[in-house]
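Enquirer: Coordinates for the following, if possible.
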Amino acid sequence: MAARSKARKRALDVLFASDVRGESANDALDTAIAEGDAPTNAYTVALVRGVVEHQARIDELLTEYSEGWTLERMPAVDRNVLRLGVFELLYADDVPDPVAVTEAMALVRELSTDESPAFVNGILGNIMRNKASLG
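Expert: Okay, here's the model as predicted:
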């Protein structure tokens with residue numbers, strides 16, 4: 001597995017755990033680092049901190065683009081994979097859009113439900129197509 005793919009998986013682990021526990025993702029990341037369970041890649045830290053920094057806008061877009069689904073109703077894995085994917089699509093200039101979507105798809109295929117890949121792909125695909133107008 002490539003270093004950035006591992007970093008994404010580790011970032012998802014931190015985001016998912018903090019989401020389920022109802023704690024700050026930054027706090028969860030800081031705790032993991034302090035306990036020696038630190039991410040092995042600086043990109044993990046960049047992803048978690050970036051999602052936290054832009055979470056209000058990311059969640060707003062997910063609510064807008066996930067027709068018929070609230071954030072609370074989404075499986076926690078899907079919700080956090082989508083947050084990572086949207087962050088990379090909109091804020092990670094060094095990640096090509098197709099790579100952001102492909103990596104998100106790989107995570108949900110491995111870790112979520114059978115319906116999740118189509119759901120995640122649909123939302124990220126729409127956001128990617130409308131990226132220029134999202135500001």
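Enquirer: Next, name the residue at the spatial heart of this structure.
Expert: For the chain, Leu84 is the residue whose C-alpha lies nearest the centre (C-alpha atoms, centre = their mean; 1.8 Å).
Enquirer: Low-confidence ranges, the protein, go.
Expert: For the chain, the stretches with pLDDT under 70 are 1, 38-40, 135.
Enquirer: repeat that with 90
Expert: Along the chain, the model assigns pLDDT under 90 to residues 1-3, 28, 30-41, 67-69, 113, 134-135.
Enquirer: can you give me phi and psi for Lys131?
Expert: Main-chain torsions, Lys131, degrees, to the nearest 10: phi -50, psi -40.
Enquirer: ugh, typo on my part, it should be Asp93
Expert: Phi and psi for Asp93, reported as degrees, to the nearest 10, are phi -60, psi -20.
Enquirer: my read: Gln124 touches Leu84, true?
Expert: Gln isn't right for residue 124; it's Leu. No: under the criterion of C-beta atoms under 8 Å, Leu124 is not in contact with Leu84, lying 10.0 Å apart. The way it works is simple: take the backbone N, C-alpha and C, and place the C-beta from them, glycine included.
Enquirer: that older thread, can you say which helix or strand has the residue nearest to the centre of the chain in it?
Expert: helix 76-91 (DSSP states H and E).
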